[in-house]
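K.L.:
Fold the following, please.
(2 chains)
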Amino acid sequence: MAQRIIIDPVTRIEGHAKISIHLDDAGNVSDAEFHVVEFRGFEKFCEGRPYSEMPGITPRICGICPVSHLLASAKAGDAIMAVNIPPAADKLRRLMNLGQFIQSHALSFFHLSAPDFLLGWDTPPAQRNVFGLIAANKELARAGIRLRQFGQEVIQILGGQKVHPAWAVPGGVRSALSEAGRAKIRAWLPEAHATTRVAFDLFKHTMETHKREVQFFGNFPSLFMGLVEPDGTWEHHGGKLRFTDSSGCIIADQLEPSKYADYIAEAAHPGSYLKSPYYSPLGCPDGMYRVGPLARLNVAERMGTPLADAELKLFKGLGRGAVTSSFLYHYARLIEILTCIERVEQLMDDPELGSDYLRADAGINSLRGVGVSEAPRGTLFHDYTVDRDGLLRKVNLIVATGQNNLAMNQTVAQIARHYVRGTDIPEAMLNRVEHGIRCYDPCLSCSTHAVGQMPLEVRLLGPDGALLNRVTRG
Amino acid sequence: MAARTFTIDGKLVTAEENATVLDAATEAGIDIPTLCHLEGVYDVGACRLCLVEVTGIGKLLPACTTRVAEGMEIKTDSERLRKYRRMTIELLFAERNHVCAVCVANSHCELQALACRLGMDHVRYDYTFPRWSVDNTHTLFGMDHNRCILCTRCVRVCWHIEGAGTKNVSGRGSHSHIISDLNQSWGSSETCTRCGKCVMGCPTGALFAKGVTVSEMERDRTKLEFIVTAREKKQWIA
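P.N.:
Got it, this is the predicted structure:
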């Protein structure tokens, strides 16, 4: 008899979600679904607001990656004004995005994911968290927290606050980098480098001890998408989009990000508020693509900074063409932290960051504006349609987690297949399925974190919805 | 002009006979919370935040429109007044859609500052979530009715300082709202001189300069006072 296993809620991700695992008549996993059960409604309730307010409103979508929404929103505003922002403003926005990458990636690696593979999958949930990490390895936990703090400081120094700074505006930014801020960032760089080095050593050891996980934690062919510079260098705020396939071949390059609708379509699924975008020339589900650190490193030919480029070579050696294991999102995240630190270092020598020419001014010169920027979790699209007075008529946001939706479903199914036999719901499976999701660092945008006891409910349902088996903990 | 002697919070105070309780208290260094009051234009007693107790009178009186009288005993602070002021400010928040965190006037808003001063930590009334629109048709300024508290400062400065008479109030009760000319879009108003005095006078983020984002709407009210003073003292007449 076909059955369904539900994991609800999934924790230690940014938000609430649940997982359903469908079993076939033989008790084997046939399919899996990752449901997002929250409804936010941002696209709807922003209608009617002036576009100039959007960089203030959209960062409220999330407390972890407010900067990503801030920047994409400001860029969409630039497009509505049809202006080129002052060069200093572009550099400053980039600096803030680098800070955002560092803090978000450090959070994902040290606070959310490392407890799983450092403390062991089967450690009780009450200990398998950042507090458990502190108890087991105080210095490592402290260094991880400090690395995140470094990224947060960069954001605060520029925007005045760590979370939700309304600092980027259509046309530019509101303030420059102060000399005191520059000195503070510069002084912190050696420590950030040292922590990153430790994290690399740690993860390389983990790859040795977790070969099974590398094998089947979301290891499957898919497309990858990310921004690249014209010469194929890793990009995070400008550039154009590139798609590659799992053999590493470029299937589309230098796509104009604002014309995303020409090559990305969105599918909606009953049971989830998360849309599933796909590469439309290949249709759904063949057009499934992944975004985020793994994808960006797969599409990029080089990182553009020396230390990160050396690591990228090692990373690329882990796949044939593209690196297809989602467990290696963690590795990709560390390489991105490294290039971000190197890029921050380079920017610190740029006197233009202190410029007072920071904001272009214009009226409504285009009734539509698309802003695209790389968020830590993947490519973020803000698409605004306004009336002639600048009031929003339509808002479309395509976020990273949505774009990884189809891949997350496959990851869950792949992991569950290794652990589920018959009607039993093994604890080992639950822990690993949750980590499979965490590899993508999904952001479901409610900034809720479960720390400590992990509430978990798994239900095994027959095709008629009858409850066959139930496991709860928490 | 005759003088009147009375007490405010037990303090003996003297003021001219046509002074308001608010004038007398301010002169005596006693601070009464206000919201619709704006230096330079007449008072209307719209917001009810300056309510005071007067011995012998059962109801609470607005300090801004109550004239002083001989022997009056006025109380500007009591448990009862604090309760009513807190209730009034909560009702203002419940009546429209005030979202401070993303408001252009955040940190520069008199409504927000007063809510903090009066200790409003939450609103006990159900929010009404009315559907109000934004008028962004003017070339320089915008009006967000969601943030309007109907203090009518904009109406008063428009009529009595600028003399344009563009702004007015239409509707009744919860349907009351600020209009331009004959209830038309601000941008199509023929009387608006684009002077911006209404924007300068607005206590919240309801009136704003176009293009501003969170917390950017800072106002310089000294300009309004300067204009009024210059006019009263005939500084512009050679």
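K.L.:
Contacts only, for the nearest residue to residue B:194 once chain neighbours are set aside.
P.N.:
In space, and not counting its chain neighbours, residue B:194 is closest to residue B:140: 5.7 Å by C-beta to C-beta, 6 or more residues apart in numbering or on different chains. The C-beta positions use only the backbone N, C-alpha and C, and glycine is treated the same way. Going by C-beta atoms under 8 Å, 6 or more residues apart in numbering or on different chains, residue B:140 touches B:194, B:196, B:209-210.
K.L.:
Keep only those of those that are in strands.
P.N.:
residue B:209 (DSSP state E).
K.L.:
Pick the one among the contacts of residue B:140 closest to chain A.
P.N.:
Set against chain A, the nearest of those by C-beta to the nearest C-beta is residue B:210 (7.3 Å).
K.L.:
The residue lying closest to the closest one once chain neighbours are set aside pairs with what?
P.N.:
Distance criterion C-beta to C-beta, 6+ apart; nearest residue to residue B:210, sequence neighbours excluded, is residue B:142 at 5.2 Å. Applying DSSP bridges to residue B:142 gives these bridge partners: residue B:208.
K.L.:
Grab the nearest non-local neighbour of the residue most central in space within chain A.
P.N.:
Central residue of chain A (C-alpha atoms, centre = their mean): residue A:377, 1.1 Å from the mean position. Among residues not flanking residue A:377 along the chain, residue A:400 sits closest, at 3.6 Å (C-beta to C-beta, 6+ apart).
K.L.:
was I right about that neighbour contacting residue A:373?
P.N.:
No: contact criterion C-beta atoms under 8 Å: residue A:400 and residue A:373 do not qualify, at 10.8 Å.
K.L.:
More neighbours: which of the two?
P.N.:
It is residue A:373, of residue A:400 and residue A:373, that has more neighbours when counted by other C-beta atoms under 10 Å in any protein chain shown, with 28 against 25.
K.L.:
Locate the more buried one within the secondary structure: which element?
P.N.:
strand A:368-375 (DSSP states H and E).
K.L.:
got a list of what the residue nearest to residue A:377 touches?
P.N.:
A:291-292, A:375-380, A:443.
K.L.:
Walk me through the domains of the chain.
P.N.:
Going with chain A. Following automatic domain parsing, one gets these domains for chain A: A:3-38+A:410-473, A:84-216+A:327-355.
K.L.:
Can you look at chain B instead?
P.N.:
B:3-77, B:84-232.
K.L.:
burial count for whichever residue of the stretch 201-350 of chain A sits closest to chain B?
P.N.:
Taking C-beta to the nearest C-beta as the measure, the stretch 201-350 of chain A has residue A:237 as its residue closest to chain B, at 19.3 Å. Residue A:237: 20 surrounding residues under other C-beta under 10 Å.
K.L.:
Need the pLDDT of it.
P.N.:
Per-residue pLDDT puts residue A:237 at 96.
K.L.:
how far away is residue A:239 from residue A:373?
P.N.:
10 Å (C-beta to C-beta, to the nearest Å).
K.L.:
Which neighbours do those two have in common?
P.N.:
Joint contacts of residue A:239 and residue A:373 (C-beta under 8 Å, 6+ apart) are residue A:227.
K.L.:
if we can go back for a sec, which of the contacts of residue B:140 are buried? Put it as a ChimeraX command.
P.N.:
Buried residues among the contacts of residue B:140 (16 or more other C-beta atoms under 10 Å in any protein chain shown), as a ChimeraX selection:
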select /B:196,210
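K.L.:
tell me which element residue B:85 is part of?
P.N.:
Counting by DSSP H and E, residue B:85 is found in helix B:79-95.
K.L.:
What helices and strands are in contact with that helix?
P.N.:
Judged by 3 or more C-beta pairs under 8 Å, 6 or more residues apart in numbering or on different chains; DSSP states H and E, helix B:79-95 is in contact with strand B:51-54, helix B:110-117.
K.L.:
Can you give the contact residues for it?
P.N.:
By C-beta under 8 Å, 6+ apart, helix B:79-95 touches B:33, B:47-49, B:51-53, B:60, B:75, B:98, B:111, B:114-115, B:118-120, B:123-128, B:130, B:149, B:174.
K.L.:
now it, how far from the chain's geometric center?
P.N.:
15 Å (C-alpha atoms, centre = their mean, to the nearest Å).
K.L.:
List the buried residues in it.
P.N.:
B:81, B:84-86, B:88-90, B:92-93, B:95.
K.L.:
close enough to count as contact, residue B:207 and residue B:186?
P.N.:
No: the criterion here is C-beta under 8 Å, and residue B:207 misses it with residue B:186 at 9.7 Å.
K.L.:
list residues touching both of these two?
P.N.:
Counting by C-beta under 8 Å, 6+ apart, the contacts common to residue B:207 and residue B:186 are B:141, B:143.
K.L.:
Among these two, which residue is more densely surrounded?
P.N.:
Each of residue B:207 and residue B:186 has its neighbours counted (other C-beta under 10 Å); residue B:207 has more, 30 against 23.
K.L.:
The closest residue to that one other than its chain neighbours: which element?
P.N.:
In this structure, residue B:207 finds its nearest non-sequential neighbour in residue B:199, 4.5 Å apart by C-beta to C-beta, 6+ apart. Per DSSP H and E: residue B:199 is located in helix B:197-201.
K.L.:
repeat for residue A:19
P.N.:
Residue A:19 belongs to strand A:17-23, assigned by DSSP H and E.
K.L.:
Adjacent strands (with direction) for that strand?
P.N.:
Partners of strand A:17-23 in its sheet, by DSSP bridges: strand A:3-8 (antiparallel), strand A:29-36 (antiparallel).
K.L.:
Report pLDDT for residue A:165.
P.N.:
88.
K.L.:
excluding its backbone neighbours, what's nearest it?
P.N.:
Leaving aside its chain neighbours, residue A:165 sits nearest to residue A:159 (2.5 Å; criterion: C-beta to C-beta, 6+ apart).
K.L.:
tally of neighbours for the one you found?
P.N.:
Count around residue A:159 with other C-beta under 10 Å applied: 24.
K.L.:
which residues touch it?
P.N.:
Counted by C-beta under 8 Å, 6+ apart, residue A:159 has contacts A:67, A:96, A:165-167.
K.L.:
gap between residue A:385 and residue A:391?
P.N.:
Counting by C-beta to C-beta, the gap from residue A:385 to residue A:391 is 10 Å.
K.L.:
can you list the residues of the stretch 251-400 of chain A near chain B?
P.N.:
Within the stretch 251-400 of chain A, the positions near chain B by C-beta under 8 Å from any C-beta of the partner chain are A:361, A:389-391.
K.L.:
Restricted to helices, list the residues you listed.
P.N.:
Using DSSP state H, no member of these falls in helices.
K.L.:
got a markdown table for those, with neighbour count and pLDDT too?
P.N.:
Below are those laid out as a markdown table (neighbours: other C-beta atoms under 10 Å in any protein chain shown; pLDDT from 0 to 100):
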| residue | neighbour count | pLDDT |
| --- | --- | --- |
| A:361 | 10 | 93 |
| A:389 | 19 | 96 |
| A:390 | 25 | 96 |
| A:391 | 19 | 97 |
